[in-house]
Structure formats: structure tokens, C-alpha cells
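In: one predicted model, sequence on top.
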Amino acid sequence: MNDMRGFALLTKVHGALWRVDTPAGYIASGRMHYYIRDHQGNVRQVTDSDGNVEQDNHYYPYGMLMGESSDILATARSGRNPLLPSRANPYLYGGKEYLTTAGANLLDFTARTYDPTILLFHTPDPLRDKYLPVHSYLYCGANPINRIDPTGKDWKDDKVKKYVKRLTGKMDKKVEHLEKDVKKCENKIANLSQKGKDTTKEYKKIENLKAQINELKQSKNEIEQLGADKDNTYAFRNVDANGSHRVVKGKDGVIYIEKSSDALALHELRHIAQSKSSGGFVYDEKGVMRQSGLKNTVIRNELSAYRIQYSFDKYDFPSRVDDIRQINNLWLYELKDSNGNRLYEYLHTE
């Protein structure tokens, strides 16, 4: 009998408490055993409270145990489960329970069971429509190196998670730096005021700095909302800095954000947020996301994307701008490519 209470799973055999499982490890016969996981959450080792290795696991990419894996406590009574006589700790690949009842060799991924020997789930993905045309029985869309599937129905890209964490960390530092600059301007205003001098210039600086802070905070909030999006899967794809930067829906159903820098990633992320808020994504025949709406709306969206790009890194920007308010309709009209052609002239013609 299993009884889930909080973060602990209490396992009873014939009415007596046999084992307590927690995310950090398990308790059996009054002893704590600790999990050591890799970056994907796979249990690689189990140790006792003194650091002695009790279980050592090595996996093939799709989760099958390698021959050199060992389970020192497999025959120890303190960790032995009557339903799993061959392994003291059944939580292995992905931190999921390894089921061997009735001769099965399956991993319990909550929504469905997975067989690492044939590299397939036993039932189709409940969210299969989200990942069309990817085969609905495949584990992680056939990419277990870069993806994880915590629930058996919604795989995630580990690289994306790490990149977003680094990116938002940089955004936090940028906001902190800008807020310090605001404080310096405020102190200068106080000093100038005491001397009866003009403070107009400093007030304009503060307006510029605060506008950038607001852009960065808005962008971070948009990124958090995309992270909570259950209907779409996003990934980043590096492209040449001199080429185009787009948002493209791949044949695997993943929405790829093309970038050559962090600032340009934020530019494209702003466009994704704009599309979601306007009713959904629109793609052309090649899967490239297109902005919908009137020209004035498209112009406003482009200006907004350039403003977050500038706020994050004014040196990673297509032209010299000293104030975020200079990023306006005229600026967009005059913006040119490397060949001297206006990039957005089509938006300003009748």
C-alpha cells in the first residue's frame, strides 16, 4: 500500500511501514539513503549517510541500464522491496520507478509507462496533437540527449531551460545596473537643485533609464508566461548574425527562436508574446511566423521588439541611438540593411 503525504511516499507491507521515499532519497529500517542525480534528473548513485556508494547506475541514452551498473544493496533486507526483489532502489532513469512486476521492465512516467529496451512508450502521448507530426510513442521526440519528459506527456528541452535561466539572470543584472544609474541621476538632481542649476537633462536621463527598466521587466514577465505555456514547446536555434532572425515552427512541432545574440533572442521573444496576445500564431507555407494585423500594428510591434533589444544591449543594435525614445516611426523607416536598402519601407507605403 502506498500513501502520498506531502513530498514523502509511505510504502506499507502487510500494514507495517516498510519504506519512506522522498525526492532526496529514501528511508528503510531507520537508515537514510541519498540519491545523486545527473543534470537530467537520472539517479546515478545511491549512497548512505557516510557517503558509501550502495547503487551505481549507468544508462544508455534512452534509459536502459548498462552492464556495469551495480546494486550493492540488492540483497540487503533493509532496502528490499518484496515486489522488486532484484533492486534495492527502483527509482532510476528520469527518477522514475522501475516496474518489474509480472516480468515487466517498464518505467512509470505517470501519464504512461515507458520501455527503455524498445525505446517506446506503451501508449500514445496524451498531448500528441501538440507534437504533430512526431510519432506519439517516441520518447522525447527521439532526442533524449537534449530533452527530458517529467510526466510522460510533455517533453522539455533541458538546454532551453538553462539558456533562459542565464538570460533572465543577465536581465536582472541589467535592471540592477540601470536602477543604480537612476539613483546617481537623482543624487545629481538634488545637488544641482541646491545650487539653483538646471536639472532638465538629468530628468530626461531618468526617463530614458526607467523606460529601459520597464522594457526588461515586461520581457522577463513574457518569458515566464511562455515557460508556463502548455500548448507549445519552444527552443532556440543559433543563426548567422548577418542573416535573418525569425520564429519558425519546425516539422517536429517545436517553435524555434532564431538568434545570434541574447539581445536578438529577446527581440524575437517579444514577437512571440505579441502574437500570443493578439490571438495566436500565424505561419506562412514554410513555417515562418508572420505578424498579422494592420500596418500600424505591425509597426508598433517592430518598434517594441527593437526597444527591448536596445534596453538589453544598446551596442548590439542596428544603429546609433542615445535614448530609447528615439526608436520611433521615423527611425524604423530610415533603418537600412548592409546594402543600403530600407528594411521596413513596405510598412510606410500606401
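Out: The structure has been received and is ready for your questions. Numbers count the residues shown, from 1 in each chain.
In: what mean pLDDT does stretch 315-327 get?
Out: Per-residue pLDDT over stretch 315-327 has a mean of 94.
In: ignore what I typed, I meant stretch 96-116.
Out: The model assigns stretch 96-116 a mean pLDDT of 84.
In: so how far does that stretch reach from one end to the other?
Out: The first and final residues of stretch 96-116 sit 12 Å from each other (Cα to Cα, to the nearest Å).
In: tell me the buried residues in that stretch?
Out: Buried residues in stretch 96-116, counting neighbours by 16 or more other Cβ atoms under 10 Å, are found at 96-98, 106-109, 111-116. All C-beta spots, glycine's among them, are computed from the backbone N, C-alpha and C.
In: ok, stretch 60-67 next?
Out: By neighbour count with 16+ other Cβ under 10 Å, stretch 60-67 contains the buried residues 62-65.
In: could these be laid out in TSV, adding secondary structure?
Out: Shown next, in TSV, are the buried residues of stretch 60-67 (DSSP: H, G, I helix; E, B strand; the rest coil):
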residue	secondary structure
62	coil
63	coil
64	coil
65	strand
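In: farthest-apart pair in those, please.
Out: 62 and 65 (11.0 Å; Cβ to Cβ).
In: related to what we said a few turns ago, which single one of the buried residues of stretch 60-67 is nearest to residue 19?
Out: Once Cβ to Cβ is applied, the member of the buried residues of stretch 60-67 that ends up nearest residue 19 is residue 65, at 21.3 Å.
In: now do that closest one against residue 98, distance only.
Out: Separation of residue 65 from residue 98 (Cβ to Cβ, to the nearest Å): 9 Å.
In: which stretches of this protein form helices?
Out: Under the criterion DSSP state H, helices of the chain are mapped to 158-194, 200-227, 262-277, 295-312, 329-334.
In: just send those back as CSV, with distance to residue 144 and mean neighbour count too.
Out: Formatted as CSV, the helices of the chain follow (distance: least, Cβ to Cβ, whole Å; neighbours: other Cβ atoms under 10 Å):
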stretch, distance to residue 144, mean neighbour count
helix 158-194, 10, 14
helix 200-227, 21, 17
helix 262-277, 25, 20
helix 295-312, 33, 20
helix 329-334, 44, 14
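In: look up how far residue 208 lies from residue 218.
Out: With the distance defined as Cβ to Cβ, residue 218 ends up 16 Å from residue 208.
In: so residue 115 bridges to which residues?
Out: With beta bridges defined as DSSP bridges, residue 115 has these partners: residue 120.
In: OK, contacts around it?
Out: 105-107, 121-122 (Cβ atoms under 8 Å, 6 or more residues apart in numbering).
In: quick one, what contacts residue 25?
Out: Residue 25 makes contact with 32-35, 46, according to Cβ under 8 Å, 6+ apart.
In: drop anything exposed from those residues.
Out: The neighbour count (16+ other Cβ under 10 Å) marks 33, 35, 46 as buried among the contacts of residue 25.
In: which residue, neighbours along the chain excluded, lies closest to the last one?
Out: By the measure of Cβ to Cβ, 6 or more residues apart in numbering, the closest residue to residue 46 outside its immediate chain neighbours is residue 55, 3.8 Å from it.
In: residues making contact with stretch 190-204?
Out: 185, 188-189, 323.
In: what ranges do the strands span in the stretch 1-150 of the chain?
Out: 2-5, 8-13, 16-22, 25-28, 31-37, 43-48, 53-56, 70-71, 97-99, 106-108, 113-115, 120-121, 147-148 (DSSP state E, counting those that start in this stretch).
In: need these in CSV with distance to residue 271, can you?
Out: Listed next are these as CSV, based on distance: least, Cβ to Cβ, whole Å:
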stretch, distance to residue 271
strand 2-5, 42
strand 8-13, 44
strand 16-22, 43
strand 25-28, 44
strand 31-37, 36
strand 43-48, 40
strand 53-56, 47
strand 70-71, 51
strand 97-99, 42
strand 106-108, 38
strand 113-115, 36
strand 120-121, 34
strand 147-148, 24
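In: the ones you listed: which one's closest to residue 160?
Out: strand 147-148 (9.2 Å).
In: domain ranges for this structure?
Out: Domain assignment of the chain by automatic domain parsing yields the ranges 2-152, 157-348.
In: returning to what we had before: who touches both of residue 65 and residue 98?
Out: By Cβ under 8 Å, 6+ apart, the residues touching both residue 65 and residue 98 are residue 92.
In: residues touching residue 293, list them.
Out: Neighbouring residues of residue 293 by Cβ under 8 Å, 6+ apart: 278, 301.
In: switch the cut-off to 6 Å
Out: With contact set as Cβ atoms under 6 Å, 6 or more residues apart in numbering, residue 293 has no partners.
In: number the chain from 809, please
Out: Sure, I'll start numbering at 809, so the last one becomes residue 1101.
In: just the pLDDT for it.
Out: pLDDT, the model's per-residue confidence, is 71 for residue 1101.
In: circling back: would a markdown table of the buried residues of stretch 904-924 with distance to residue 969 be doable?
Out: Output for the buried residues of stretch 904-924, formatted as a markdown table (distance: Cβ to Cβ, whole Å):
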| residue | distance to residue 969 |
| --- | --- |
| 904 | 19 |
| 905 | 24 |
| 906 | 25 |
| 914 | 27 |
| 915 | 21 |
| 916 | 23 |
| 917 | 18 |
| 919 | 20 |
| 920 | 23 |
| 921 | 25 |
| 922 | 21 |
| 923 | 26 |
| 924 | 23 |
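In: having no further points to raise, I will conclude here.
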